[in-house]
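[1] Fold the following, please.
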Amino acid sequence: MEIEKIIKKYFPRKATEKWLEFVFGKPDYSFHVEAAEEALTKPVWDFLSRGGKRWRPLLFLLITKAVGGNVEKVKDFFIIPELVHNGTLIVDDIEDDSLMRRGKPCLHKIFGIDIAINAGNFIYFLPLLALVKNKDKFKDKVLIRVYEVYFQEMINLHLGQAMDIYWHKGKTEKISEAQYLQMCVFKTGCLPRMTAKLAVLLSGGKDKLAEEIGRMAEAIGIAFQIQDDILDLTGEEFAKKKGGLGKDITEGKRSLIIIHTLRKAKKSDRERLIKILNAHTKNQKMRNEALGIINKYGSVDYARKKAQKLIKDSWNKIDGFLTDSPAKNQLKEFINYLVERKI
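    As a prediction, this is how the structure comes out:
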């Protein structure tokens, strides 16, 4: 797969002196290759080898084509959203004390919390190496805007995660739909938004176009998260990989589905659902009880329609910015797939 080849260019499966010099420069004294291997390349590649949807690099590719960019010139940058995304998952699993990810034990359960945190943080920043090594291909003002976009989105990401953590710890009972959507704008909207903006800017597009397509990609991220939340509660195959149907209930996650249920439910159902969420139970019987309350108020269907509307409205806003082409059609089809997927 092309994205894996690009990742290996900057982050091979095996640590070597040559790679360490490529990334870190010549050592003042001496590298310890074994440490780099056991605490960086081995754990990160254990995680990357599990697969994943890899849709963010594909979004980068399709947007580049849709705005008339040079794919060969920008393809090394496909690794930026992909590696950052995997870094967030590694750290997120530690924060949630999760057990399984992509069908295997979470990275911190295999290698330890210390190695997992460091490895996750490392791949937040490693993909910037693609910019450093290719800086001669772009004007300084383009590179400055790209760095600004990257750093702002990484800042946004952590506020989104902070909001999500605070909520699933049961620190507040009243969360509005608007607050939930803003959390998603920061937590799950930021990487596709970053992807879109970088694709446009590195393809020679103006800031206005980058902002508009960035907002469309942000909506994709929100809708993708809503669909993830739906599949966690309804998708048997999807849930199997995550550790069982209703894992989000165990985490006490305040998803759009939960927020809608709490808003619509009668007092006894609302209080019972909150109690189950705050218990962080792994008992499937209690998870199923929560699912019964959720289904009683049609919250899954409400969330599904919300995701579909977000995508439709966001596409309508950028439709006129893109020239009709096969690439534009591919982009639209891909966006629709992300919201309708079953896994």
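[2] G69 and S203 touch, don't they?
    Yes - counting by CB atoms under 8 Å, G69 does reach S203; the two are 2.6 Å apart. All C-beta spots, glycine's among them, are computed from the backbone N, C-alpha and C.
[3] tally of neighbours for N316?
    Burial of N316 is recorded as 10 neighbouring residues (other CB atoms under 10 Å).
[4] Correction: the previous question concerned S49.
    When neighbours are counted by other CB under 10 Å, S49 comes out with 12.
[5] what pLDDT does it get?
    Looking at S49, its pLDDT stands at 94.
[6] now G235
    pLDDT, the model's per-residue confidence, is 77 for G235.
[7] Kindly report the same for N295.
    95.
[8] distance of it from Q179?
    The spacing between N295 and Q179, counted by CB to CB, to the nearest Å, is 24 Å.
[9] Over to the residue most central in space within the chain. Which of the three states is it?
    Nearest to the mean C-alpha position of the chain, by CA atoms, centre = their mean, lies H85 at 4.8 Å. Of the three states, H85 takes helix under DSSP: H, G, I helix; E, B strand; the rest coil.
[10] Contacts only, for the closest residue to it other than its chain neighbours.
    Nearest residue to H85 in three dimensions, chain neighbours excluded: L191, at 5.5 Å (CB to CB, 6 or more residues apart in numbering). L191 is in contact with R56, P81, V84, H85, T88, E153, L157, G221, counting by CB atoms under 8 Å, 6 or more residues apart in numbering.
[11] what about L191, helix or strand, and which?
    Here L191 sits within helix 190-202, counting by DSSP states H and E.
[12] Can you show me the CA trace of that helix as CSV?
    Presented in CSV, the C-alpha positions along helix 190-202 are these (Å, rounded to 0.1, in the frame of the first residue of the first chain):
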residue,chain,number,x,y,z
CYS,A,190,-9.3,18.8,13.5
LEU,A,191,-7.4,16.0,11.7
PRO,A,192,-9.6,15.9,8.5
ARG,A,193,-9.7,19.7,8.6
MET,A,194,-5.9,19.8,8.9
THR,A,195,-5.7,17.3,6.1
ALA,A,196,-7.9,19.4,3.8
LYS,A,197,-6.2,22.6,4.5
LEU,A,198,-2.7,21.1,3.9
ALA,A,199,-3.8,19.5,0.7
VAL,A,200,-5.1,22.9,-0.6
LEU,A,201,-2.2,25.0,0.6
LEU,A,202,0.5,22.6,-0.7
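[13] in that helix, what counts as buried?
    For helix 190-202, a neighbour-count test (16 or more other CB atoms under 10 Å) marks 190-202 as buried.
[14] Out of those residues, which two sit at the greatest distance?
    By the measure CB to CB, C190 and L202 form the most distant pair in the buried residues of helix 190-202, at 17.7 Å.
[15] can you give me the strands for the stretch 1-150 of the chain?
    Counting by DSSP state E, counting those that start in this stretch, the stretch 1-150 of the chain has strands at residues 100-101, 104-105.
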